[in-house]
Structures are given as structure tokens and as C-alpha cells.
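# Based on what follows, work out the 3D shape:
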Amino acid sequence: MLKTKIIITVALALLVSGCANLEVSPGKKSNLKNAPVNETSRAGIVSYSKNAIDEDDERQEAYNTMAESCHGAYKILKEELRRGSGDYLGDDGKIIMGTNEDRVYISFACVNY
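Presented below is the predicted three-dimensional model:
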């Protein structure tokens, strides 16, 4: 139980600090049974906190994450803001932290020149 609380605490600290997250890796081939035929042509998704202290740093980190994921060039396909209203529950089911973090989600595709 203590280990779970530590993991939750670390995860919440990262969430509140507002780092860019790669939500879906673009063009990743799956060896899973019944995977979709378009698995390798799917777009990637990265997100970052709109509420970060330095939003420009967050966006730059998102750019870096997209470039690293694509091993170079990429293009943005869609960008949207999602309003947060999530609560994080402890082991006992009680709310340990509420967040109203707004996140920017960017869909992107790798570009091969």
C-alpha cells in the first residue's frame, strides 16, 4: 500500500509539473493479434499542460518529443485544448487531489523526405 501511495505521489508530481507526454507513438507496427491494417500509418499524439508556469517551454518539449518520435521531420495534423476536471483517488477511494489542468493535444505525422 505504501508503494502504491509513493507511485501515485510521483505520478501526481509529474502531472502537476506539466511535462509533455507522448500519448500515441506514430506509425508503430504492432505484432498483436487483430491489430488494425492501418497501424503503421496512424498519427501520433503528444500533450502538454496549458497551465504550466512556462507554456513556451512545454510547447518546445512537445516539439522535441515529436521530432524524437519521428527521428526528424513531422507535421502537425490537429491541435485541440481539453479542459481538465479529474480527481485522483487514493487506495481508500478518497480524493487525494483534484486537478483542473487544461492540456493541449497535438496529433502529428512523421514526414519522410
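# make it CA atoms for all contacts and neighbour counts henceforth
Will do.
# Which residue ranges of this structure form strands?
Ranges of strands in the chain, per DSSP state E, are 21-24, 44-49, 74-82, 87-89, 95-98, 103-110.
# so which of those is the most packed in?
When the strands of the chain are scored by mean count of other Cα atoms under 10 Å, the highest mean neighbour count falls to strand 44-49 (a mean of 24).
# what's the spacing between the closest residue to Tyr74 other than its chain neighbours and Arg82?
Nearest in space to Tyr74, with sequence neighbours left out and distances taken as Cα to Cα, 6 or more residues apart in numbering, is Cys110 at 4.2 Å. Applying Cα to Cα, to the nearest Å, the value for Cys110 to Arg82 is 23 Å.
# same deal with Pro26?
Remark: distance between Pro26 and Arg82 (Cα to Cα) = 21 Å.
# Confirm for me that Glu80 is in contact with Tyr105.
Yes: using Cα atoms under 8 Å, Glu80 makes contact with Tyr105 at a distance of 5.3 Å.
# per-residue confidence at Pro36?
pLDDT, Pro36: 77.
# typo on my end, Gly86
The predicted local confidence for Gly86 is 57.
# ditto for Tyr63
Reading off the model, Tyr63 has pLDDT 95.
# can you check Pro26 too?
For Pro26, pLDDT reads 79.
# I'd like to know how many residues surround Arg59.
As a burial measure, Arg59 scores 19 neighbours (other Cα atoms under 10 Å).
# Might you report the residue contacts of it?
Ala20, Tyr48 (Cα atoms under 8 Å, 6 or more residues apart in numbering).
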